[in-house]
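Student: below are the sequence and a predicted model; questions follow.
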Amino acid sequence: MFEAYQVPEEHDAVRESVRAVCDARVAPHAATADENSEFPQAAYDALRAADFHAPHIPVEYGGAGADALATAIVIEEVARACASSALIPAGNKLGTMPLLLAGSEELRRRYLPPVAAGEGMFSYCLSEPEAGSDAASMTTRAVRDGDHWVLNGVKRWI
């Protein structure tokens, strides 16, 4: 192995920890959640208890403050046990990124702590019927109208 491709020890520790949680508490319920087309509640509960449901939320908002690599490792390990359950940390990451990148401090303080505490979740919707996930071809628009926003368009697969 090339040393340049080795992850730091702390990231190996994250992988070991999340793998242990997933092997014990996520994988045993994966088939049932898929077969029943239901939200993987057992996985969510296990991930939340171990602080792996939204590891990227900064410490100042009550989160674990995991960096991008650690977050990717969490998502990868959860997907190894249950692909559906991997959408829990992935959806929380993708859904909260607009707040983290450009949200006001007021919005961050309002919405990020509940996600960090496992009291709420985020999601996002990218796909449109005519564009799929090609962001450049999307037609949905948000237009400010006074103090409100008007959303026009159609999304799929939230």
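Tutor: Cool, got the structure.
Student: from now on I want contacts and neighbour counts done on CA atoms only, so please keep to that.
Tutor: OK.
Student: what number of residues lie near W149?
Tutor: Using other CA atoms under 10 Å, W149 has 11 neighbouring residues.
Student: isn't it up against R141?
Tutor: No - using CA atoms under 8 Å, W149 makes no contact with R141, being 9.7 Å away.
Student: tell me the secondary structure for A83?
Tutor: Here A83 takes the coil state, with states given by DSSP: H, G, I helix; E, B strand; the rest coil.
Student: quick check: the gap between it and E119.
Tutor: Distance, A83 to E119, by CA to CA, to the nearest Å: 22 Å.
Student: do S104 as well
Tutor: 21 Å.
Student: where does the prediction get shaky in this protein?
Tutor: Scanning the chain with the threshold set as pLDDT under 70 gives 1.
Student: tell me where it has strands.
Tutor: For the chain, the strands defined by DSSP state E occupy 141-145, 148-152.
Student: name the strands paired with the last one and say parallel or antiparallel.
Tutor: The pairing partners recorded for strand 148-152 under DSSP bridges are strand 141-145 (antiparallel).
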